[in-house]
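>>> structure here, sequence nowhere to be found:
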DNA sequence: CCTGCTGCCCGTACTTAGTACGAGAGGTTA
DNA sequence: TAACCTCTCGTACTAAGTACGGGCAGCAGG
């Protein structure tokens, strides 16, 4: 698509994010990436060793987009802000959610992010033990929520009712009575938005942690 | 590997789970699956339409392994049991976690599972609204935790310290002070096991829900 | 007992993807 | 000007999904 100046590692990774955003992780191939960058496939390999390195690189780019909590701020405010930001970023790059966790070589932005989270909790008076609890709990929730959310046809609540209906033929009511009733009474109501659940869970978790932190 | 009798959809899906368990999702190819089943690649296609259908199928097999909550039991006990079971199953089949959420056509075991969860919450006195909250919260936590856990070199806590050390060169202490300190004070302690965090978070969440349920 | 149908298995081959190898173009330095 | 980099790309090999059609085995009806 856009071809400006020379290739570089930054342009390669930026292009990779653009391709993944546009067509999902599966559409990110060396060839599609090269086309996006206006070069031939093998040119890419002068800036990254292999595709793995591209994946590691875009994961770090995604982490870089998330707000860092401030160590000197109120822990609860900061945790809430960073969780909300993380979720927003993962909504923008749904492909990143599974990728984040399949990579084992974290980049600098990733490490900086975790450092800030731990630092904020410790500064907020959390013991090492409680920091570990909070870290695991909040992260699991945020990623898990994003993961669940990513499978829904986002940005179009109307589609959800449609989808739900197609998944639930009439016979289903006999076999899955609770699921069908729940869908009818809640999911298919106008104004339903799964994303609204995020705040509830996050607040419940932060309340629980606040109680433990004393 | 094992060749007994004729091929069938069941044997195909069972073989696919075995291959994925042994070598990860990436190792599951039509060719590797055929070899596991003792047949040639194209034979598989007489029992499933394509690879997508295999993926949908093994997701449903995984759901089938999880304990169902009992509608007539105490909601808290049942939710705890099913969350623990789900986590255990996902530990056994780590490849399933991301797969669960990339599939959009749920099978019967999947639907039955969700039906039982919703039914148990409603029977436990949860309003429709609160059921939605609880469902999203618990599931997000369980899947998110499993996702995080799946990236660790499981079943070998000693390896974790080693890994942590390799990820943290000496210079890192200056750039990521909190992360390095936390790792030294907590992660690298003998007896550390990330999996232990699961109970803490689950109890905190169930406590919070119990408070809301009144 | 033969004929033909049907279900299952497989041989062949096409397509897409990652990427090794090495050539060549252009600029830089000695 | 010659040796050297740096970057790009042409060619081609390998692995994977799977379309297409052939062949075989077992069963049904004549």
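Perfect, I can see it now. The structure presented is a predicted model; accordingly, all values stated were derived computationally and were not measured. Residues are numbered from 1 along each chain as shown, chains lettered A, B, ... in the order given.
>>> give me the residue at the spatial middle of chain A.
residue A:90 (2.6 Å; Cα atoms, centre = their mean).
>>> which non-adjacent residue is nearest that one?
residue A:146 (3.9 Å; Cβ to Cβ, 6 or more residues apart in numbering or on different chains). Placement of C-beta: from N, CA and C, glycine included.
>>> tell me which element that neighbour falls in.
Using DSSP states H and E, residue A:146 falls within helix A:128-150.
>>> what's the spacing between that helix and its chain's center?
12 Å (Cα atoms, centre = their mean, to the nearest Å).
>>> check which helices and strands it is in contact with.
The contact analysis (3 or more Cβ pairs under 8 Å, 6 or more residues apart in numbering or on different chains; DSSP states H and E) places helix A:128-150 against helix A:75-92, helix A:95-102, helix A:108-123, helix A:197-213, helix B:95-102, helix B:128-150, helix B:177-182, helix B:197-213.
>>> now the ones you listed in JSON lines, with mean pLDDT and distance to DNA strand C?
JSON lines is the format used below for these (pLDDT from 0 to 100; distance: least, Cβ to the nearest atom of the strand, whole Å):
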{"stretch": "helix A:75-92", "mean pLDDT": "98", "distance to DNA strand C": "22"}
{"stretch": "helix A:95-102", "mean pLDDT": "89", "distance to DNA strand C": "13"}
{"stretch": "helix A:108-123", "mean pLDDT": "96", "distance to DNA strand C": "21"}
{"stretch": "helix A:197-213", "mean pLDDT": "97", "distance to DNA strand C": "33"}
{"stretch": "helix B:95-102", "mean pLDDT": "88", "distance to DNA strand C": "17"}
{"stretch": "helix B:128-150", "mean pLDDT": "96", "distance to DNA strand C": "22"}
{"stretch": "helix B:177-182", "mean pLDDT": "94", "distance to DNA strand C": "30"}
{"stretch": "helix B:197-213", "mean pLDDT": "97", "distance to DNA strand C": "34"}
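>>> re the thing from before, list the buried residues for the helix holding residue A:146?
A:130-150 (16 or more other Cβ atoms under 10 Å in any protein chain shown).
>>> domain ranges for chain A?
A:1-48, A:157-194 (automatic domain parsing).
>>> average pLDDT for the first one?
The one in question is domain A:1-48. Domain A:1-48 carries an average pLDDT of 90.
>>> close to chain B, is it?
No. Domain A:1-48 lies out of reach of chain B by Cβ under 8 Å from any Cβ of the partner chain, never closer than 9.3 Å.
>>> elements contacting the host helix or strand of residue A:11?
In this structure, residue A:11 sits in helix A:9-23 according to DSSP H and E. Secondary-structure packing of helix A:9-23 (3+ Cβ pairs under 8 Å, 6+ apart): helix A:30-37, helix A:51-65, helix A:95-102.
>>> from chain A, which residue is nearest to chain B?
Closest contact between chain A and chain B, by Cβ to the nearest Cβ, is at residue A:144 (2.5 Å).
>>> that residue is in contact with residue B:138, isn't it?
No. The pair residue A:144 / residue B:138 is not scored as a contact, 9.4 Å apart, by Cβ atoms under 8 Å.
>>> so the helix holding residue A:146 versus helix A:95-102, what angle?
Between the axes of helix A:128-150 and helix A:95-102, defined by axes from the mean of the first three to the mean of the last three Cα atoms, to 10 degrees, the angle is 140 degrees.
>>> just the angle between helix A:128-150 and helix B:197-213, please?
Using the same axes, to 10 degrees: helix A:128-150 against helix B:197-213 is 70 degrees.
>>> out of the helices and strands packed on helix A:9-23, indicate the one that is most buried.
With neighbours defined as mean count of other Cβ atoms under 10 Å in any protein chain shown, the helices and strands packed on helix A:9-23 peak in mean count at helix A:95-102, which reaches a mean of 21.
>>> residue numbers of chain A in contact with DNA strand D?
When proximity is defined by Cβ under 7 Å from any atom of the strand, chain A lies next to DNA strand D at A:6, A:7, A:39, A:40, A:41, A:42, A:43, A:45, A:46, A:47.
>>> count the neighbours of the third one for me.
Meaning residue A:39. Using other Cβ atoms under 10 Å in any protein chain shown, residue A:39 has 18 neighbouring residues.
>>> just give the nearest non-adjacent residue to it, would you?
That would be residue A:7: by Cβ to Cβ, 6+ apart, it lies 6.1 Å from residue A:39.
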